[in-house]
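> next one to model:
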Amino acid sequence: MHDVDDRLAYVESKTPLVFDDIDFTIRDPHWVASALAAPLEYAQRVESVVAALGIETLMPRHDERVRRFLDVWTADEIGHGLALAQLMRLLGLTPTPDSDPTLPIHNHLIGVLGRMSLRMHEVVEAVWSTAGAMNEHLAMAAYARMDEMLRERDEQALHATLFRRLRAHESAHKSFYAAYAFDTMVTMRPWQRRLVRLIVHHTYKPVGAGAKRDRPAFARTVDALAGDEWEATLVTPVQQVAERLLNEGREMDPFVRRAVLACLSTAA
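Sure thing, here's the model as predicted:
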């Protein structure tokens, strides 16, 4: 596990995604649209709603390292959403429209607990960073698979100027989340660690699939990118991330599998 400051420096110094430098040349638009419509629609929506998360209300005591990370992370995610929206338009797909941010009510309620108690704020930070590492691994795996599919079809422009950068960004984000979660957990009291495990175990949902209406889109994405290999390629690695951060690498109840199955069961 890397040091938090080291991982933060990595996030801040990585190569940015510059919209004007992206080469949107597409050799076979029909194939790209057919093969990647569901993953693109899902990823673009997830990336584009980042401004509505309101982390500052969820974690009112967050330190300077979290603030610096969120500054870069937010810019990255918004930039990803803009790039994916442009790609979708070129393929004849409809991006999720921009909307005014609506902060989740539960963020405000959890934030109140954090203001009242430093110990509870630490719990919130550990849940946030653990779930963040798990979900960034999902995003990283999805972009890696999309990139692999594009390279197999010789879509080199999209690979070289867009998807390899998306994959690298999500990997950098994951590394910070994981380091921060580890750093937070090791300083906690036993009851706090138990509470973090309980909350993640019972509330985890794949990124962008927390609401019931969004689960079919996640299911279509899993089908397009993983097919029958979804458990080995998606579930097992994310479960292992959780076990390393929450349970010192020891096996836990397969809660990630249940969360993914809840989405897959909604597929049309």
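
> how about the nearest residue to Arg167 once chain neighbours are set aside, what does it touch?
Leaving out its chain neighbours, the residue that sits closest to Arg167 by Cβ to Cβ, 6 or more residues apart in numbering is Tyr143, at 4.2 Å. From N, CA and C alone the C-beta is placed, and that goes for glycine too. Contact analysis of Tyr143 by Cβ atoms under 8 Å, 6 or more residues apart in numbering lists 43, 163, 166-167, 170.

> next up, phi/psi of Tyr143, please.
Torsion angles at Tyr143 (phi, psi; degrees, to the nearest 10) stand at phi -70, psi -40.

> distance of it relative to Pro190?
For Tyr143, the distance to Pro190 (Cβ to Cβ, to the nearest Å) stands at 37 Å.

> with Glu155 instead?
In this structure, Glu155 and Pro190 are separated by 51 Å, where distance is defined by Cβ to Cβ.

> those two: which is more packed in?
Comparing Glu155 with Pro190 by neighbour count (other Cβ atoms under 10 Å), the higher total belongs to Glu155, at 22 against 7.

> the more buried one is in contact with Ala33, isn't it?
No. With contacts counted by Cβ atoms under 8 Å, Glu155 stays clear of Ala33, the gap being 11.9 Å.

> and for Asp23, the neighbour number?
Asp23 has 12 neighbours, counted by other Cβ under 10 Å.

> tell me the secondary structure at it.
For Asp23, the reduced secondary structure class is coil; criterion used: DSSP: H, G, I helix; E, B strand; the rest coil.

> with Gly208 instead?
Applying three-state DSSP to Gly208 yields a three-state assignment of coil.

> if I read this right, it contacts Ala217, doesn't it?
Yes. Here Gly208 reaches Ala217: they are 7.4 Å apart, a contact under Cβ under 8 Å.

> what about Leu87, which helix or strand?
Secondary-structure assignment from DSSP states H and E places Leu87 in helix 64-90.

> average pLDDT for that helix?
Looking at helix 64-90 alone, the average pLDDT works out to 95.

> what comes up buried for it?
Going by neighbour count (16 or more other Cβ atoms under 10 Å), the buried part of helix 64-90 is 65-66, 69-70, 72-73, 76-77, 79-88.

> give me the below-cutoff pLDDT ranges for the stretch 101-250 of the chain.
Applying pLDDT under 70 to the stretch 101-250 of the chain flags the ranges 101-114.

> now do the buried residues in stretch 33-47.
Taking 16+ other Cβ under 10 Å as the neighbour-count basis, stretch 33-47 is seen to contain the buried residues 33, 35-47.

> so which of the residues you listed sit within strands?
Counted as lying in strands by DSSP state E, out of those, is not a single one.

> CSV please, covering the residues you listed and showing distance to Asp147 and pLDDT.
Conversion of the buried residues of stretch 33-47 to CSV gives the following (distance: Cβ to Cβ, whole Å; pLDDT from 0 to 100):
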residue, distance to Asp147, pLDDT
Ala33, 17, 98
Ala35, 13, 98
Leu36, 11, 98
Ala37, 16, 98
Ala38, 16, 97
Pro39, 11, 98
Leu40, 13, 98
Glu41, 17, 97
Tyr42, 16, 96
Ala43, 12, 96
Gln44, 16, 96
Arg45, 19, 93
Val46, 17, 92
Glu47, 16, 92
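
> where exactly do the helices run in the stretch 101-250 of the chain?
Taking DSSP state H, counting those that start in this stretch as the test, the helices found in the stretch 101-250 of the chain are 105-116, 118-152, 156-158, 164-186, 190-203, 215-225, 230, 236-247.

> now the last one and helix 118-152, what's the angle there?
It refers to helix 236-247. Between the axes of helix 236-247 and helix 118-152, defined by axes from the mean of the first three to the mean of the last three Cα atoms, to 10 degrees, the angle is 160 degrees.

> contacting residues around helix 236-247?
For helix 236-247, using Cβ under 8 Å, 6+ apart, the contacting residues are 130, 133-134, 137-138, 141, 178, 181-182, 185, 193, 196-197, 200-201, 204, 249-252, 254-257.
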